[in-house]
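Asker: sequence unknown, structure follows:
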C-alpha cells in the first residue's frame with residue numbers, strides 16, 4: 001500500500017513546488033499593484049485634508 005501512494009505524494013509535492021516557483025513573479029507583481037493603490041489612496045486622502053484645511 002505504501003509503495004503505491006508514495007509516487008503520488010511525491011508528484012503532488014513537486015507539482016505544488018513548481019507551481020509556487022513559477023507563480024512567484026505574479027504574486028510579487030500583484031503585491032506591488034496593491035501597494036501602489038494604497039499609496040495613491042493615502043496621497044489622495046492627504047490632499048483632501050490639506051484642501052479642507054485651506055478652506056477653513
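Answerer: Thanks, I have the structure now. In this text, all values refer to a predicted model and were calculated from it rather than measured experimentally.

Asker: Is residue 9 within a helix or a strand, and which one?
Answerer: helix 2-55 (DSSP states H and E).

Asker: And that helix, how far out from the chain middle?
Answerer: Centroid displacement of helix 2-55 relative to its chain, using C-alpha atoms, centre = their mean, to the nearest Å, is 0 Å.

Asker: Output the below-cut-off pLDDT ranges for the chain.
Answerer: Applying pLDDT under 70 to the chain flags residues 1-3, 55-56.

Asker: could you redo the last one with a cut-off of 80?
Answerer: For the chain, the stretches flagged by pLDDT under 80 are 1-3, 54-56.

Asker: quick one: contacts for residue 18?
Answerer: Applying C-beta atoms under 8 Å, 6 or more residues apart in numbering to residue 18 gives no contacts. Every C-beta, even on glycine, is put in place using the N, C-alpha and C of the backbone.

Asker: Now for residue 46, how many residues are close by?
Answerer: As a burial measure, residue 46 scores 10 neighbours (other C-beta atoms under 10 Å).

Asker: how much space between residue 14 and residue 20?
Answerer: For residue 14, the distance to residue 20 equals 11 Å [C-beta to C-beta, to the nearest Å].

Asker: Ok, residue 53 next?
Answerer: Residue 53 is 47 Å from residue 20, by C-beta to C-beta.

Asker: do the same with residue 10
Answerer: Counting by C-beta to C-beta, the gap from residue 10 to residue 20 is 16 Å.

Asker: Sounds good, over and out.
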